[in-house]
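Trainee: turn this into a model:
(2 chains)
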Number of protein chains: 2
Amino acid sequence: MEQHMISAMVKRVREMFIFFFLAIFSKAIGTKPYWKTIAPADSGSNQCLSWRLAVEANNVRGWRTVPIHCLGYIENYMLGGQYEQDVNYIVEQIQSYITDLVVADDGMDAWILDVDDTCLSNIFYYKGKKYGCDPYDPSGFKAWAMKGGCPAIPAVLGLFTKLVEGGFKVFLVTGRDEETLAPATIANLHNQGFIDYERLIFRTQPFKGKSAVVFKSEIRKQLMEEGYRIWGNVGDQWTDLQGECLGNRTFKLPNPMYCVP
Amino acid sequence: MEQHMISAMVKRVREMFIFFFLAIFSKAIGTKPYWKTIAPADSGSNQCLSWRLAVEANNVRGWRTVPIHCLGYIENYMLGGQYEQDVNYIVEQIQSYITDLVVADDGMDAWILDVDDTCLSNIFYYKGKKYGCDPYDPSGFKAWAMKGGCPAIPAVLGLFTKLVEGGFKVFLVTGRDEETLAPATIANLHNQGFIDYERLIFRTQPFKGKSAVVFKSEIRKQLMEEGYRIWGNVGDQWTDLQGECLGNRTFKLPNPMYCVP
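Mentor: Sure thing, here's the model as predicted:
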């Protein structure tokens, strides 16, 4: 009878632990590891990685929104460290390319940087637009830009400073509308440390409704006609890096949240 | 005394289960999940993903070998399903682009496909070259190509067949040397189902030592002078897709194993 009592107790304790063990273990080997809450490494995220790669390699063009099933993936990409690492890696490549350049003393060695999501980050705006799963909202973006509160992208700010200190003339070329967004943009760049650029060039009336390729090509052409040698051209959009007078090297920063035509 | 015996037994059973539970649990939450043996999602693999993205977006150019610390990552990428998914996704984009094209009845609507790692896969060769961590070995590659045993890349074979059946003239343009590799390459393409292409164009004597951009641009220019309209141009190298007469659309297939200058 006592033997029976002992074995019953042992059995109850064992069952309790087996139950506890299975409860945890089943969580640990499930498709969604419990310590990752945003984007598990499942087939959906693999598909979204294929989509992101296709965007960055310019195989997918003129896309309007991020595929809705990639919302969690893009959120994790933008906030989880991989985006920052991708940007940093490309800036390292740029720094390495600059090391081999010799700046002349005529002050005509130039670089071109885009502004949105090149110098300044719009990630907090796009957080409210489902990271690009929502369609482009011109008035919403204008209201955001008017605040002048975009943070600098740290690696690009470091690059900017190095370029200026190295004797390059840095031209910031942006598709933002001069008439409405110039004061806020100038203030935002300054409050983030983008000071001592050579010129900040906005989209003006004659270029309204024209594609970024046409507008930015024309600006670069004018700079080259002024005698500038464009050593590098950095942007987050392929349309920053296509067309005429591209410069000696182009560098594509990642941006899976929106596509500028 | 009996009470003491019972509690000692219960304690022993409890310790046993706690030990067993911790042993499994510590494996499950470690940085390397035990069910992934090749490439854990650690910071090293994140760096290699940045490198691969930079290669595919043409930010890293003229590279000679895969970074040695990315060996495991690239092996997992090539064999673990992501490479295949990336290729399939781009081919889907191409198929979608083709849907909107109207083929004329003059037989002059053309496509250009590269051969190595576009139509035919060299993954089994590069497996023996540490997936590109070893430097390029011209005689080793020649010996491999002479065997004529490269498997087709399934999605590209499907695309090829669809193009031919859809009335496009498909030109296969390869940097392989005509003199030494023509018979083996023709046999290999045929044994893999690449039949009914319009022309297979090798690198000939005048183009030896010239860059792929120069060679392939010249070939495309000649085709356009013959009157062909190049609707699409598909390759795994950026040098397939740069230079003159690129065609209406270019598509970059992934290849993180080697870079053709």
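Trainee: quick one: the strands in the stretch 1-150 of chain A, in order.
Mentor: Ranges of strands in the stretch 1-150 of chain A, per DSSP state E, counting those that start in this stretch, are A:109-113.
Trainee: what residue ranges in it score low on pLDDT?
Mentor: A:1-42 (pLDDT under 70).
Trainee: please repeat the previous calculation with a cut-off of 90.
Mentor: Along the stretch 1-150 of chain A, the parts satisfying pLDDT under 90 run over A:1-45.
Trainee: for the stretch 151-261 of chain A, which residue gets nearest to chain B?
Mentor: A:Lys252 (4.7 Å; CB to the nearest CB). All C-beta spots, glycine's among them, are computed from the backbone N, C-alpha and C.
Trainee: how about the nearest residue to the residue of the stretch 51-200 of chain A found nearest chain B, chain neighbours excluded?
Mentor: Here the stretch 51-200 of chain A gets closest to chain B at one residue, A:Tyr89, 4.0 Å apart by CB to the nearest CB. Of all residues not flanking A:Tyr89 in the chain, B:Ser50 sits nearest, at 4.0 Å (CB to CB, 6 or more residues apart in numbering or on different chains).
Trainee: same thing with A:Asn248?
Mentor: A:Trp231 (5.1 Å).
Trainee: for that neighbour, helix, strand, or coil?
Mentor: strand (DSSP: H, G, I helix; E, B strand; the rest coil).
Trainee: hmm, the residue of the stretch 51-200 of chain A closest to chain B is touching B:Arg52, no?
Mentor: No. At 10.3 Å, A:Tyr89 and B:Arg52 do not qualify as touching, with contact defined as CB atoms under 8 Å.
Trainee: and the gap between A:Ala212 and A:Gly175?
Mentor: 5 Å (CB to CB, to the nearest Å).
Trainee: find the residues that touch each one of these two.
Mentor: Contact criterion CB atoms under 8 Å, 6 or more residues apart in numbering or on different chains; residues shared by A:Ala212 and A:Gly175: A:Val260.
Trainee: any low-confidence regions in the stretch 151-261 of chain A?
Mentor: In the stretch 151-261 of chain A (pLDDT under 90), no residue qualifies.
Trainee: how about the residues of it by chain B?
Mentor: A:251-252, A:254 (CB under 8 Å from any CB of the partner chain).
Trainee: rerun that using 6 Å as the cut-off
Mentor: Counting by CB under 6 Å from any CB of the partner chain, the residues of the stretch 151-261 of chain A close to chain B are A:251-252.
Trainee: show me where the stretch 151-261 of chain A has strands.
Mentor: Under DSSP E, counting those that start in this stretch, the stretch 151-261 of chain A gives strands at A:169-177, A:199-203, A:229-235, A:249-252.
Trainee: in TSV, list those strands along with mean neighbour count.
Mentor: Shown next, in TSV, are these (neighbours: other CB atoms under 10 Å in any protein chain shown):
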stretch	mean neighbour count
strand A:169-177	21
strand A:199-203	18
strand A:229-235	22
strand A:249-252	21
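Trainee: run a quick neighbour tally on the closest residue in space to A:Asn88 that isn't next to it in sequence.
Mentor: Spatially, and ignoring its direct neighbours in sequence, A:Asn88 is nearest to A:Ala155 (4.8 Å; CB to CB, 6+ apart). Counted with other CB atoms under 10 Å in any protein chain shown, the burial measure for A:Ala155 works out to 19 neighbours.
Trainee: quick one: residues contacting A:Ala155.
Mentor: A:87-88, A:91 (CB atoms under 6 Å, 6 or more residues apart in numbering or on different chains).
Trainee: tell me which of those residues is nearest to B:Asp109?
Mentor: Within the contacts of A:Ala155, the smallest distance to B:Asp109 is 40.8 Å, found for A:Val87 (CB to CB).
Trainee: what is the burial count for that closest one?
Mentor: 22.
Trainee: not counting sequence-adjacent ones, nearest residue to it?
Mentor: Here the residue nearest A:Val87, using CB to CB, 6+ apart, is A:Ala155, at 5.3 Å.
Trainee: just list whatever residues bridge to A:Lys252.
Mentor: A:Gly235 (DSSP bridges).
Trainee: pull out the buried residues from stretch A:247-261.
Mentor: Within stretch A:247-261, the residues that count as buried by 16 or more other CB atoms under 10 Å in any protein chain shown are A:247, A:249-260.
Trainee: how far away is the nearest residue in space to A:Leu241 that is not next to it in sequence from B:Gln95?
Mentor: The shortest distance from A:Leu241 to any residue other than its chain neighbours is 4.1 Å, reached at A:Thr250 (CB to CB, 6+ apart). Distance of A:Thr250 to B:Gln95, computed by CB to CB: 29 Å.
Trainee: so who does A:Trp231 touch?
Mentor: A:101, A:109, A:111, A:248.
Trainee: most neighbours, which of the residues you listed?
Mentor: A:Trp111 (29 neighbours).
Trainee: who's it bridged to?
Mentor: Residues in beta-bridge contact with A:Trp111 (DSSP bridges): A:Val170, A:Gly232.
Trainee: next up, phi/psi of the nearest residue to A:Gly166 once chain neighbours are set aside, please.
Mentor: Of all residues not flanking A:Gly166 in the chain, A:Val103 sits nearest, at 6.2 Å (CB to CB, 6+ apart). Dihedral pair for A:Val103: phi -80, psi 130, per degrees, to the nearest 10.
Trainee: tally of neighbours for A:Val103?
Mentor: 16.
Trainee: ends of stretch A:202-219, how far apart?
Mentor: 10 Å (CA to CA, to the nearest Å).
Trainee: one more: stretch A:66-83?
Mentor: 16 Å.
Trainee: now it, how far from the centre of its chain.
Mentor: 11 Å (CA atoms, centre = their mean, to the nearest Å).
Trainee: flag every buried residue along that stretch.
Mentor: A:66, A:70-78, A:82-83.
Trainee: out of those residues, which are close to chain B?
Mentor: A:Gln82.
Trainee: tabulate the buried residues of stretch A:66-83 (JSON lines), appending distance to A:Asn122.
Mentor: Compiled in JSON lines, the buried residues of stretch A:66-83 are given as follows (distance: CB to CB, whole Å):
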{"residue": "A:Val66", "distance to A:Asn122": "14"}
{"residue": "A:Cys70", "distance to A:Asn122": "18"}
{"residue": "A:Leu71", "distance to A:Asn122": "17"}
{"residue": "A:Gly72", "distance to A:Asn122": "20"}
{"residue": "A:Tyr73", "distance to A:Asn122": "19"}
{"residue": "A:Ile74", "distance to A:Asn122": "14"}
{"residue": "A:Glu75", "distance to A:Asn122": "15"}
{"residue": "A:Asn76", "distance to A:Asn122": "18"}
{"residue": "A:Tyr77", "distance to A:Asn122": "15"}
{"residue": "A:Met78", "distance to A:Asn122": "11"}
{"residue": "A:Gln82", "distance to A:Asn122": "18"}
{"residue": "A:Tyr83", "distance to A:Asn122": "12"}
